[in-house]
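> Pasted the sequence and its predicted model underneath.
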Amino acid sequence: MRVVDELSDCDMDVDQDDEAVNLLPNMPARDALAEPAIEADLTDFEAQVLLAEDRQNDLALREIVPRADYNFEWDKDRRIFKGQRETFTASSGPTFPITDQTRAVDIFYKMCDSDLLDRLCLETNRYASQKITLLKTENKLLPNSRLQRWTPIDKDEMISFLALTILQGLYPLPDEESYFSFNGFGSMPYFSRIMSYNRYFLIKSLLHFVDNQNLTEPTKLSKIQPITDYFNEKFSSLYYPGQEIAIDESLLKWHGRLGFAQKILSKAAQVGVKTYELCESSSGYLWIFFVYAGKTKPTNTPPVVDDMTGHVQQHAHDMTGPEIDTTDSTDRPTTATVKIVYDLVEPLLNKGHTLIMDNFYNSPLLVRCLKRQKTDCYGTLRLNREFVPDSLKTLNQLDLRRGEVVASYCSDLSVIVWRDANIVSLISTYHSLQVGTKTKYNGVYKPSIVLDYNKSMGGVDKKDQYLSAHPLERCKNKVWYKKLFRRMFNAAIFNCFVIFATSNPKINQRQFRIMLAEDLLKIHRQIDLTDEKRLITRRSGLTTKTSTVRPKTHQRPQLEHRHFPTRTGFKQSRCWMCAQRKATARTVWKCMECDVNLCIEHCFMNYHIKPSVIDTTF
């Protein structure tokens, strides 16, 4: 193996006789223990299950790829690699005009339009009526129940409810009732002036999205499916992502009983509802997502074919696992992780995007398919996938010293294996073996593909970090799909912020959310939170200042004389009023009209009122 002592930012060619390049010169001897690259942190059982799923995914890929693409002539000579990055032909950013005058509520109204608000009001009122009628029929409606005080909700009240939800994410408290009570420091008394707690609790408990009586063939996601479809359409129609996009999983924490709950220890939630998401790498904008509802079982029912396209119709909410669907489709996958990728990225194909994925999705055959459709792809790779070079499949930690890199190429793909703390394998359509800059913290040189992956793969994680700072779903929910609605609504607010920031780059997310919530309450509840905060301050005893209504321009009084305070021009001038009381007070102010030195605080006013009411006792 060749050891490179001096590194630069230039390309590193691997000669025919060379096997590896060392990015960490003068490293100590190799570790004594070896660890297989694909079983680094897995038990034997988990590794076997993962291997079986990868094989089934590879078989599924063969169903959609022509046999001519099965030929991968791998070689360590980089000169055979002809991969070039695609040219981005689309225009990224908001799909509607944004100016400096665009308000936060203007973007909110586009994201949550009348269709959504009307559905929320209609289905909530319908569900409340059905529930009250059922309880009355069964004689279970108690006289003191909150349901006895239910009145139909309208659009203004629904928007006020959503605005309170936004504010709850800004000011987290241990329980929701604390927002509506005033018990001193740390309380939110202005919530109760917007809406009572009983009313808020009723709306939250009766919030609904579909008519239960019309669910003839319910699925696992029937209660929330119209909302997920709505937000998917809005997210993808109001903004177009930039060149670099990322696919990853996100997890909504849910520890209740749920048949399709997933466990992902690498996520902060660890257990909950999993969603597959495509985000813009730079901003974290959520462009499209699918909720994982478990593996679908194969059935004998014939497939439904679209009359316009001839493609087999697939529902986004019926996400499939590794089961193989033998439906004849040559240009669109219908199963396994390949279906997940294509369902997410299909509208963005043939436009020069660069897709970043982890080893759950990547395989040489899938990356080649995407490259054929003018979509670059790179990311981590499991070395047990089909068509991976045989010379790299058996590499472990004993074969490479820390910092060494091995690469293998074909005409359109490159596979790079780098030894860091563990074996890291990556695949790309345009990266070759090139050394990147030295890292900031530990001063280690890394391959350029590793630096690009670390920079661009975190699109979904960036979105999750922004949402975790203001968690609307933090409050207790007894039903999982209502918590999922709060999560999607939170993502919608974040997407509004990304759109708003394109023309207002100096604003941060918290400022945007405060501005949005206050504007919504001013418009739909006729409440100014500025006045409310001033009232709270007075009630808490912090100040005795009273709020006054400022007169309009045409109502201002017109004065005939210019009795205004102005400076005397001297540092020490004796006040005329104080001299009458034989005091020695000094002042720097005088009356402009009277040309008399006066103290600004009391004497100025007392001098200009009638002598009969002059106060000389102060």
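That came in fine, so what should we check first?
> make it CA atoms for all contacts and neighbour counts henceforth
Noted.
> Heading C-terminal from the one helix or strand residue 493 maps to, find the next helix or strand.
Assigned by DSSP states H and E, residue 493 belongs to helix 480-501. Next helix or strand after helix 480-501 toward the C-terminus (DSSP H and E): helix 509-524.
> Now that following helix: buried residues?
509, 512-513, 516-521 (16 or more other C-alpha atoms under 10 Å).
> now do stretch 455-475
Here stretch 455-475 shows 456-464, 466-467, 470-475 as buried, counting by 16+ other C-alpha under 10 Å.
> Also stretch 355-369?
Buried-residue list, stretch 355-369, by 16+ other C-alpha under 10 Å: 355-359, 361-369.
> likewise stretch 567-577?
568, 573-577.
> What of stretch 49-62?
50-51, 53-54, 56-58, 60-62.
> Export those residues as a markdown table, with columns for secondary structure.
A markdown table is the format used below for the buried residues of stretch 49-62 (DSSP: H, G, I helix; E, B strand; the rest coil):
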| residue | secondary structure |
| --- | --- |
| 50 | helix |
| 51 | helix |
| 53 | helix |
| 54 | helix |
| 56 | helix |
| 57 | helix |
| 58 | helix |
| 60 | helix |
| 61 | helix |
| 62 | helix |
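> how about those residues in a markdown table, adding pLDDT and distance to residue 396?
Formatted as a markdown table, these follow (pLDDT from 0 to 100; distance: C-alpha to C-alpha, whole Å):
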| residue | pLDDT | distance to residue 396 |
| --- | --- | --- |
| 50 | 73 | 18 |
| 51 | 76 | 17 |
| 53 | 76 | 22 |
| 54 | 75 | 20 |
| 56 | 75 | 24 |
| 57 | 76 | 24 |
| 58 | 77 | 23 |
| 60 | 73 | 28 |
| 61 | 76 | 27 |
| 62 | 77 | 28 |
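> Could you dump those into TSV and include distance to residue 247?
Listed next are the buried residues of stretch 49-62 as TSV, based on distance: C-alpha to C-alpha, whole Å:
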residue	distance to residue 247
50	19
51	21
53	19
54	18
56	21
57	17
58	19
60	20
61	18
62	22
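> Most widely separated two among the residues you listed?
50 and 62 (18.7 Å; C-alpha to C-alpha).
> For the helix or strand hosting residue 135, name the packing helices and strands.
Element membership for residue 135 (DSSP H and E) is helix 114-137. If contacts are counted by 3 or more C-alpha pairs under 8 Å, 6 or more residues apart in numbering; DSSP states H and E, helix 114-137 sits against helix 155-170, helix 197-206.
> Show the backbone phi and psi for residue 362.
phi -70, psi 140 (degrees, to the nearest 10).
> which residues touch it?
By C-alpha atoms under 8 Å, 6 or more residues apart in numbering, residue 362 lies in contact with 379-382, 427.
> Quick one: distance of stretch 264-274 to the chain centre.
Centre-to-centre, stretch 264-274 and its host chain are 16 Å apart (C-alpha atoms, centre = their mean, to the nearest Å).
> what's the angle from the helix or strand residue 468 falls within to helix 509-524?
According to DSSP H and E, residue 468 maps onto helix 459-469. Calculated by axes from the mean of the first three to the mean of the last three C-alpha atoms, to 10 degrees, helix 459-469 forms an angle of 60 degrees with helix 509-524.
> Could you tell me the end-to-end distance of stretch 465-478?
Counting by C-alpha to C-alpha, to the nearest Å, you get 25 Å between the two ends of stretch 465-478.
> correction: stretch 94-106
Distance between the two ends of stretch 94-106: 13 Å, counting by C-alpha to C-alpha.
> Now do it: everything it contacts.
With C-alpha under 8 Å, 6+ apart as the criterion, stretch 94-106 contacts 237-240, 496-497, 499-500, 502-504, 512, 515-516, 519-520.
> residues of that stretch that come out buried?
Here stretch 94-106 shows 94, 98, 104-105 as buried, counting by 16+ other C-alpha under 10 Å.
> With stretch 199-216 instead?
The neighbour-count check on stretch 199-216 (16+ other C-alpha under 10 Å) flags 199-200, 202-203, 206-210 as buried.
> and which of those is nearest residue 76?
The nearest member of the buried residues of stretch 199-216 to residue 76, counting by C-alpha to C-alpha, is residue 209 at 56.8 Å.
> State the helix or strand in which that closest one lies.
Using DSSP H and E, residue 209 falls within no helix or strand.
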